[in-house]
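>>> Dropping a prediction and its sequence here:
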Amino acid sequence: MQVYLENLEAPPPPEMQQLLGAMHGNPEGMSGFVSTIAGVVSPPEFFGSENVGRIMAQTGAARSGSSLRSRRP
């Protein structure tokens, strides 16, 4: 998470932009993201493929190309 916070000067990568867009209007997704920044939820838990997939599916964004899930090892 520290790496993410240190790089706030640059625009987020497309995958992060897509996830942030999917969280818009999604209280559960927004709460999870803020909890991750606050250190309450671990980044691997929040950015895990199951959680990201759920957030993306709730908005239909999963159909619009790549996501963070496709970049995870």
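That came in fine, so what should we check first?

>>> residue with max distance from the center of this structure?
residue 9 (18.0 Å; CA atoms, centre = their mean).

>>> does that residue count as helix, strand or coil?
Put simply, residue 9 is coil when judged by DSSP: H, G, I helix; E, B strand; the rest coil.

>>> Give me the phi and psi for it.
Phi and psi for residue 9, reported as degrees, to the nearest 10, are phi -70, psi -30.

>>> tell me the contacts of residue 46?
By CB atoms under 8 Å, 6 or more residues apart in numbering, residue 46 lies in contact with 32-33, 35-36. Glycine gets a C-beta too; all of them are placed from N, C-alpha and C.

>>> Pull up the gap between it and residue 19, please.
For residue 46, the distance to residue 19 equals 10 Å [CB to CB, to the nearest Å].

>>> For this protein, just list every one of the strands.
For the chain, no strands are identified by DSSP state E.
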